[in-house]
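In: below are the sequence and a predicted model for it; my questions follow.
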Amino acid sequence: MKPDSQNKAPLSVIIPCYQCKETIGRALASVASQTWPPQEVILVDDGNDEEIANFLKEMQEFYGKNWIKLFRLQENQGPGAARNLGWDASTQPYIAFLDADDTWHPKKVELQLSFMLSHPEVALTAHRWTWLEKWGGDNVPDNPSKVKAHPISPRKLLLSNRLATPTVMLRRNLPFRFDPRKRFSEDYLLFLTILLSGFPGFYLEATLTYLHKPPYGASGLSGKLWAMEVGELDTYLRLYREGRIPLWILMGIVPFSLAKYARRVVRSLAWRRKV
C-alpha cells in the first residue's frame with residue numbers, strides 16, 4: 001500500500017540496506033502502512049551488488065521518488081556510516097531508524113512522534129520491541145491507543161541497553177552522529193552519549209517494533225556475539241576517556257558486561273536448539 005495521506009508526519013525514516021532483498025519490501029510496507037505516514041523515507045544502499053541496487057530502485061519507483069529518497073555507498077561501510085548519510089540528507093525535524101529486516105506497528109509513528117511533538121524538550125524516545133516470526137495484516141500482538149512514558153536513566157542504560165535502534169526516534173538537530181568506524185555497539189555509544197550529555201530521553205511502554213530474527217545467535221551483526229561484546233566494552237572505555245563516566249563506574253560495568261555476555265551465549269545456544 002502506498003502512503004496517500006496529505007498530512008504526513010514531520011519525520012524522516014532512515015533505513016540502511018545491505019543484502020536486504022528478501023526483507024526490505026516488508027520493512028517498507030510497514031512504514032507505508034502507518035496511520036500517520038512519515039514525510040520521507042531515506043533508503044541507503046550500503047554497497048550492495050547491482051542486482052540489489054536495481055531492486056532498491058524498483059522499490060523507489062513503486063512508492064514514488066517524492067517519498068523514498070535513495071542514496072548509495074559504493075562500498076559497504078556498515079550501519080553507522082549508512083545512518084549518518086541518511087541523517088545528513090534528511091529534511092524533517094525528527095528522524096527514526098528502521099533496519100531492513102525489521103518492521104513497525106502501524107501506530108508507531110502516530111504514538112511516538114505525537115509524544116515528542118507534545119514534549120519538544122525531549123531529544124530521544126524509544127519503546128519496547130518483540131520478536132515476531134511473521135508480519136502482515138492483523139498479525140500484531142496489541143493495538144495501543146495511549147502509552148505510558150517514563151524518563152530514561154543513563155545509569156540504568158549503562159547496566160542494560162534496552163534501546164534497540166529500530167525503536168529510537170530523535171530530534172534531527174542533535175550535535176551527534178554514529179561513529180562510522182564502529183561496526184558493533186555504535187548505536188549504544190550514540191544513545192549513551194546523547195543522554196549523558198544532558199539531553200532528556202523517554203521510554204514508551206508499548207510494543208511498536210518487531211524483530212523477525214532472534215536477537216542473539218542469528219545471522220548478521222547480532223550473530224557475532226564476541227565482536228558485539230568487544231564493541232560494548234569499547235563503548236564504555238570511550239565514555240570514560242571522554243569524561244562522561246567516572247573510573248569507578250567503568251571498573252564496575254566491565255565485569256557486569258562480561259557476565260551479560262556469558263548469558264547471551266547461553267541464550268544463543270537455546271535459540272539454535274529451537275531451530
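Out: Arrived safely, thanks for sending.
In: low-confidence ranges in this structure?
Out: Residues of the chain that meet the criterion pLDDT under 70 lie in 1-6, 133-143, 145, 214-223, 270-275.
In: which residue sits farthest out from the middle of it?
Out: Distance from the C-alpha centroid of the chain peaks at Trp248, with 30.0 Å (CA atoms, centre = their mean).
In: in three-state terms, label it for me.
Out: Three-state assignment for Trp248 (DSSP: H, G, I helix; E, B strand; the rest coil): helix.
In: and it, how far from Tyr240?
Out: Separation of Trp248 from Tyr240 (CB to CB, to the nearest Å): 10 Å. Where you see a C-beta, it was placed from the backbone N, CA and C, and this is true even at glycine.
In: centre-most residue in this structure?
Out: Thr165 (2.1 Å).
In: and it, what does it touch?
Out: By CB atoms under 8 Å, 6 or more residues apart in numbering, the residues touching Thr165 are Pro79, Phe97, Asp99, Asp187.
In: skipping adjacent residues, who's closest to the first one in space?
Out: Put plainly, it is Pro79. Excluding the flanking residues, the one nearest Pro79 by CB to CB, 6 or more residues apart in numbering is Pro16, at 4.8 Å.
In: is it true that that neighbour touches Asp46?
Out: Yes: using CB atoms under 8 Å, Pro16 is in contact with Asp46, at 5.3 Å.
In: any residues in contact with both of those two?
Out: Counting by CB under 8 Å, 6+ apart, the common neighbours of Pro16 and Asp46 are Pro79, Ala82.
In: may I have the phi/psi pair for Glu205?
Out: phi -80, psi 70 (degrees, to the nearest 10).
In: what's the closest non-adjacent residue to it?
Out: Computed as CB to CB, 6+ apart, the closest residue to Glu205 that is not its neighbour in sequence is Lys148, at 4.6 Å.
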